[in-house]
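**Q** Only the shape, not the letters, is given here:
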């Protein structure tokens, strides 16, 4: 099977931008004009999907799309316009802290009356919501740590060594069965979900696409290496307590042993990663490049902003008794029994 | 001591490098893995992670491993 037949199916378009990018990938139509990107909703379904399609060419691509499209200069020009719209909005809308210490400090305390998706799932989440959460998150978790690997060649010394060590842990410490993406696939099997890479791209909401697009954006641009490191720190710092709540949610809803294990593993792993990222990756990067402090803080804050938008979307839909997905999940048998 | 193999005698074992432990007033003890921890009841738990965070606040629900329970609650 050649490259053009591998990878997930292209999802249905969500508007003129994503329709035109899809048509270009399949050689059936022209690309959007950069001006079309400039006029689009930066967080909307259409722009986020169009950007996701561009980025995915750097990971696994799509069935029927030539691998060489990854470096198609016309497509890269459109991607740049989409990125500019997204990044400009993100810089304008992200509530920023005055300093990196403040941005990190806020994440290093635990709210007594926390609210958000992980609290909801722990306390009252239903199994169908747990399944939707996993489907939405599968866009990232099935390529967990991949967007962050792009930053390695842009780091030096302590920061590089520590980042590589954390990534090694994310990739299972050399054991395929322990690769975090694989552990997530096992969780999906417990929940009766399809573990095929990209399977739920058509179902994921714009808010979920935006969280993954941010990682690709920060990872693929050397100029944004500080933001990538800040983003990674925010994920690792918040992951341990969040994963504990999600592990409790898996236990309470009877999701299954692999589902529990995925989050239990993250409680322990990310308590270590958080220390390494703060004391080695961030401190090491600032030693080499102290001018990146503001970019690191931006990465921390932008992550919080987009995660809050995703959480608001999920809870808003669920509390209204609606599915958060664009394509409802089929009622497959849950494999936990 | 010069690191010259010619000087080592057959009965001399190589001295392992000192284990490096990072202490913090707020937060876990960090130690390079793999690590074996003997608990008070005589049982042993181990971790082969590249670095291991050992709980010092005693609030961890995954004791002896840190689970970030030391964090201030506000």
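**A** Cool, the structure landed. Note that this is a predicted model, so its numbers are computed, not measured.

**Q** CA atoms for contacts and neighbours, from now on please.
**A** Will do.

**Q** where does the residue positioned nearest the centre of chain B land in three-state SS?
**A** Residue closest to the mean C-alpha point of chain B, counted by C-alpha atoms, centre = their mean, is residue B:31 at 3.5 Å. The three-state label given to residue B:31 by DSSP: H, G, I helix; E, B strand; the rest coil is strand.

**Q** List the residues that contact it.
**A** Listed by C-alpha atoms under 8 Å, 6 or more residues apart in numbering or on different chains, the contact set of residue B:31 reads B:19, B:20, B:21, B:22, B:51, B:52, B:53, B:54.

**Q** For the closest residue to it other than its chain neighbours, give me its contacts.
**A** Excluding the flanking residues, the one nearest residue B:31 by C-alpha to C-alpha, 6 or more residues apart in numbering or on different chains is residue B:21, at 4.8 Å. If you count contacts by C-alpha under 8 Å, 6+ apart, residue B:21 has them with B:29, B:30, B:31, B:32.

**Q** Tell me what the residue nearest to the centre of chain B is bridged to.
**A** Beta-bridge pairing for residue B:31 (DSSP bridges): residue B:21, residue B:52.

**Q** Make sure residue A:210 is indeed in a helix.
**A** Yes. With three-state DSSP as the criterion, residue A:210 is part of a helix.

**Q** What count of nearby residues applies to the residue nearest to it when sequence neighbours are not counted?
**A** Excluding the flanking residues, the one nearest residue A:210 by C-alpha to C-alpha, 6+ apart is residue A:48, at 6.1 Å. Using other C-alpha atoms under 10 Å in any protein chain shown, residue A:48 has 29 other residues around it.

**Q** contacting residues for residue A:48?
**A** So residue A:48 contacts A:42, A:206, A:209, A:210, A:213 (C-alpha under 8 Å, 6+ apart).

**Q** and residue B:45, which of the three is it?
**A** Classified using three-state DSSP, residue B:45 is strand.

**Q** Was I right to think it contacts residue B:54?
**A** No. The pair residue B:45 / residue B:54 is not scored as a contact, 11.8 Å apart, by C-alpha atoms under 8 Å.

**Q** Have a look at these two and say which one is more surrounded.
**A** Taking neighbours as other C-alpha under 10 Å, residue B:45 and residue B:54 compare with residue B:54 leading, 23 against 13.

**Q** Now the more buried one: phi and psi?
**A** The phi/psi pair for residue B:54 (degrees, to the nearest 10) reads phi -100, psi 130.

**Q** quick one: it from chain A, how far?
**A** Remark: distance between residue B:54 and chain A (C-alpha to the nearest C-alpha, to the nearest Å) = 9 Å.

**Q** I figured that residue was touching residue B:62, is that so?
**A** No. In terms of C-alpha under 8 Å, residue B:54 does not count as a neighbour of residue B:62; the distance is 9.9 Å.

**Q** Which residue is the nearest non-sequential neighbour of residue A:259?
**A** residue A:187 (4.0 Å).

**Q** so the one you found is in which element?
**A** Using DSSP states H and E, residue A:187 maps to helix A:180-190.

**Q** And for that helix, what's in contact with it?
**A** A:134-135, A:138, A:141-144, A:170-172, A:176-177, A:194-195, A:255-262, A:334-336.

**Q** cool, and stretch A:270-286?
**A** A:155-160, A:162-163, A:166, A:229-230, A:232-233, A:236-237, A:239-240, A:292-293, B:51-53, B:66-68.

**Q** what pLDDT does residue A:337 get?
**A** pLDDT recorded at residue A:337 is 39.

**Q** Show me which residues of chain B are close to chain A?
**A** B:49-53, B:62, B:65-69, B:71-74 (C-alpha under 8 Å from any C-alpha of the partner chain).

**Q** so which of those residues comes closest to residue A:73?
**A** When the residues of chain B next to chain A are compared for distance to residue A:73 (C-alpha to C-alpha), residue B:50 wins out at 41.1 Å.

**Q** Poorly predicted segments of chain A, please.
**A** A:1-5, A:332-337 (pLDDT under 70).

**Q** residues contacting the most centrally placed residue in chain A?
**A** The geometric centre of chain A, computed from its C-alpha atoms, lies nearest to residue A:212 (C-alpha atoms, centre = their mean), at 3.2 Å. Neighbour list for residue A:212: A:139, A:140 [criterion: C-alpha under 8 Å, 6+ apart].
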